[in-house]
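Visitor: Make a model of this:
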Amino acid sequence: MAVAPPFAVLGRPIPRVEGPDKVTGRTSYTADIVPANTLWAKNVLSPLPHARIVSIDTSRALRVPGVRAVLTAADIPFKRIGRRLKDYPILAGERVLFIGERVAVVAAEDRDAAEEAALLVEVEYEELPAVFDPLQAMEPSAPLLHPDLRSYAGFPDYVPEDWRNVCARVEINRGDVAAGFSRADLVLEHTFRTGTMHQGFIEPYATVVAIGDSGRVEIWHSTKAVFRNKDELAQTVDVPAEQILFHNITVGGDFGGKGAPGDAPAGYYLARITGRPIKFVTTSQEELTAGTPRHPSVITIKSGVMRDGTLVARDVFVVYNSGAYGGFRPNVMDGMLPGARQAGEQYAVPNLRLDGRMVYTNEMPRTYMRSPGQPQAVFAVEAHMDLLSRALGMDPVELRIKNAPRNPDGSDSSVPSLLRAAADAIGWPAGPKPPTPNPQP
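Guide: The predicted structure follows:
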């Protein structure tokens, strides 16, 4: 038997399996799919962050040559949908809760006709007070964005009833925080804010829906969650799951942002009414104003520390801005971001109180982006640790090593050795080493 040749990965270029097809243009994305007789669809989006819909007039839009259908909430069954928390409608019927919320949808023979018709849908609004800051949204005077929140499927009923606009929470209570602060040599508190960040995928959201003569529904959709979207769409439009086929198609970037059904429910109703395939492709402007980016946050950390750098108490308040809806997050921690816990458990603190909340505002809905909630939390914790080390006059690496977490079984973790190795690699505390010059030929 011949001996297999040695195989090494490090130091060798390994071609991507799908690379040649992508760089030569052979790969098909959802936007490339055009079944016969396809109609182009275009959403009509709200220009206001919070308003009551007084009336919608579609008559001018329907007179545009090539327009085959214009749907509003009155034309389809009302159902709140979502990946876990069922809190958003397919089309807004009574109120809009953010700039970019869908209020109607047009289907036409070509993209230009669909876009022209969408501009001619006349919506009369009665503007309502809006709130954009999650801390202000929890104030008693803030507008209540979801009056029937506690009746929504998937709502965690352990959220206190008097918490305004809060749709998810997490808490950690360990030790005696008050006693820890009382014995600390130094107590410092800082508040950190992070902003909205789009996932930055190159491919925009795109959806194609076709219904065959037998009633079989075929979907091409820019999503990584094919089976989950199939089950969710089946529940949304009341079609047996075995009657729905989600085609497996290349996704042009996701980074956590393409897990929801998007325009598939509206596409289904348009396809059923017109008897023809329906195609949506969002623009970059729509993606950035009405998409589902990363959650902004407001994180307050108060720490009690001894002069030798030992943390003895910490109080953490984590608030994520959910935007207008919470149904775009998956079924993890009842709709809370996993990173919230990391704000309290990054270091070993014997006395800890963490209060994490997910809060509705009149901004665009948010969803996952890589490491959901963790970059926000880690940024706040590490910036706070730097400020603590400055106040103590202590090396920031040594402060972290001194308070490094232990393994679940109580044994020493590898964190101290990893921190020391990283510090040595950059020549800490002298600073990063200059790059090694390339050898001369």
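
Visitor: Next secondary structure element downstream of the helix or strand hosting V187?
Guide: Under the criterion DSSP states H and E, the helix or strand holding V187 is strand 186-194. The first helix or strand that comes after strand 186-194 along the chain, using DSSP H and E, is strand 206-211.

Visitor: contacting residues around that next one?
Guide: The list of residues contacting strand 206-211 from outside it, by CB atoms under 8 Å, 6 or more residues apart in numbering, reads 29-31, 33-35, 38, 217-222, 262-264, 267-268, 270-272, 275, 277-282. No exception for glycine: its C-beta is placed from N, CA and C like everyone else's.

Visitor: Give the pairing partners of it; include direction for each.
Guide: Take DSSP bridges as the rule and strand 206-211 pairs in its sheet with strand 217-221 (antiparallel), strand 278-281 (antiparallel).

Visitor: hmm, back to that, how about the strand holding V187: buried residues?
Guide: L188, F192, R193, T194 (16 or more other CB atoms under 10 Å).

Visitor: before we move on, what about stretch 90-103?
Guide: I90, L91, A92, R95, V96, L97, F98, I99, G100, E101, R102, V103.

Visitor: Adding distance to G25 and secondary structure as columns, could you present these in TSV?
Guide: Written out in TSV, the entries for the buried residues of stretch 90-103 read as follows (distance: CB to CB, whole Å; DSSP: H, G, I helix; E, B strand; the rest coil):
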residue	distance to G25	secondary structure
I90	34	coil
L91	36	coil
A92	39	coil
R95	44	strand
V96	40	strand
L97	40	coil
F98	36	coil
I99	36	coil
G100	32	coil
E101	35	coil
R102	32	strand
V103	37	strand
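
Visitor: Farthest pair within those?
Guide: Pairwise distances among the buried residues of stretch 90-103 were taken by CB to CB; the largest, 18.2 Å, belongs to I90 and I99.

Visitor: All the helices of the stretch 101-250 of the chain, residue numbers only.
Guide: Listed in chain order, the helices found in the stretch 101-250 of the chain under DSSP state H, counting those that start in this stretch are 111-120, 134-137, 177-183, 226-237.

Visitor: which residues are in contact with the shortest one?
Guide: Under the contact criterion CB under 8 Å, 6+ apart, helix 134-137 has outside partners 131, 142, 145, 164-165, 296, 298, 319-322, 357, 359-361.

Visitor: ok, and the most crowded of these?
Guide: The member of the contacts of helix 134-137 surrounded by the most neighbours (other CB atoms under 10 Å) is S322, with 33 neighbours in all.

Visitor: Can you tell me the element it falls in?
Guide: Counting by DSSP H and E, the element that carries S322 is strand 311-323.

Visitor: Neighbouring strands of that strand in the sheet, and parallel or not?
Guide: Listed by DSSP bridges, the sheet partners of strand 311-323 and their directions read strand 297-305 (antiparallel), strand 352-360 (parallel).

Visitor: what's the angle between it and strand 186-194?
Guide: Strand 311-323 and strand 186-194 are oriented at 20 degrees to each other (axes from the mean of the first three to the mean of the last three CA atoms, to 10 degrees).

Visitor: what about strand 311-323, distance to the chain center?
Guide: Relative to the chain's own centre, strand 311-323 is displaced by 19 Å; criterion: CA atoms, centre = their mean, to the nearest Å.

Visitor: just stretch 199-207 next, same as before
Guide: Mean C-alpha position of stretch 199-207 versus that of the full chain (CA atoms, centre = their mean) differs by 14 Å.

Visitor: related to what we said a few turns ago, switch the buried residues of stretch 90-103 over to JSON lines; also include distance to G11.
Guide: Formatted as JSON lines, the entries for the buried residues of stretch 90-103 read as follows, by distance: CB to CB, whole Å:
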{"residue": "I90", "distance to G11": "52"}
{"residue": "L91", "distance to G11": "55"}
{"residue": "A92", "distance to G11": "55"}
{"residue": "R95", "distance to G11": "59"}
{"residue": "V96", "distance to G11": "55"}
{"residue": "L97", "distance to G11": "53"}
{"residue": "F98", "distance to G11": "49"}
{"residue": "I99", "distance to G11": "50"}
{"residue": "G100", "distance to G11": "47"}
{"residue": "E101", "distance to G11": "51"}
{"residue": "R102", "distance to G11": "51"}
{"residue": "V103", "distance to G11": "56"}
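
Visitor: any chance of these in a markdown table, plus pLDDT and distance to A422?
Guide: Formatted as a markdown table, the entries for the buried residues of stretch 90-103 read as follows, by pLDDT from 0 to 100; distance: CB to CB, whole Å:
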| residue | pLDDT | distance to A422 |
| --- | --- | --- |
| I90 | 96 | 49 |
| L91 | 98 | 51 |
| A92 | 97 | 50 |
| R95 | 98 | 51 |
| V96 | 98 | 49 |
| L97 | 98 | 45 |
| F98 | 97 | 42 |
| I99 | 97 | 43 |
| G100 | 96 | 42 |
| E101 | 97 | 45 |
| R102 | 97 | 47 |
| V103 | 98 | 52 |
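
Visitor: just these now: which is nearest A348?
Guide: Ranking the buried residues of stretch 90-103 by separation from A348, with CB to CB as the measure, puts F98 on top at 40.5 Å.

Visitor: what's the distance between the residue lying closest to the closest one once chain neighbours are set aside and A104?
Guide: Distances taken as CB to CB, 6 or more residues apart in numbering place A324 nearest to F98, at 4.0 Å, with adjacent residues excluded. Taking CB to CB, to the nearest Å as the measure, A324 falls 18 Å from A104.

Visitor: which residues of the chain score low on pLDDT?
Guide: Along the chain, the model assigns pLDDT under 70 to residues 1, 4, 7, 430-441.

Visitor: picking up where we left off before, from the buried residues of stretch 90-103, which is closest to E126?
Guide: Using CB to CB, R95 is the member of the buried residues of stretch 90-103 that lies nearest E126, at 9.3 Å.

Visitor: beta partners of that closest one?
Guide: Assigned bridge partners for R95, using DSSP bridges, are R52.

Visitor: That one reaches L128, doesn't it?
Guide: Yes. Applying CB atoms under 8 Å as the test, R95 and L128 come out as touching, 7.3 Å apart.

Visitor: which residues are common contacts for the two?
Guide: Contact with both R95 and L128 is made by residues H50, A51, R52, according to CB under 8 Å, 6+ apart.

Visitor: Can you select the buried ones among those residues for me in PyMOL?
Guide: Burial among the shared contacts of R95 and L128 is assessed by 16+ other CB under 10 Å; the matching PyMOL selection reads:
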select buried, resi 50+51
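
Visitor: Now render the shared contacts of R95 and L128 as a markdown table, adding distance to D424.
Guide: Listed next are these as a markdown table, based on distance: CB to CB, whole Å:
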| residue | distance to D424 |
| --- | --- |
| H50 | 54 |
| A51 | 58 |
| R52 | 62 |
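
Visitor: neighbouring contacts of the helix ranked longest in the chain?
Guide: Of all the elements of type helix in the chain, the one with the most residues (DSSP state H) is helix 374-392. Contacts with helix 374-392, where a contact means CB under 8 Å, 6+ apart, come from 186, 188, 190, 192, 194, 294-297, 299, 301, 303, 305, 307, 309, 318, 320, 337-340, 342-343, 346-347, 395-396, 398-400.
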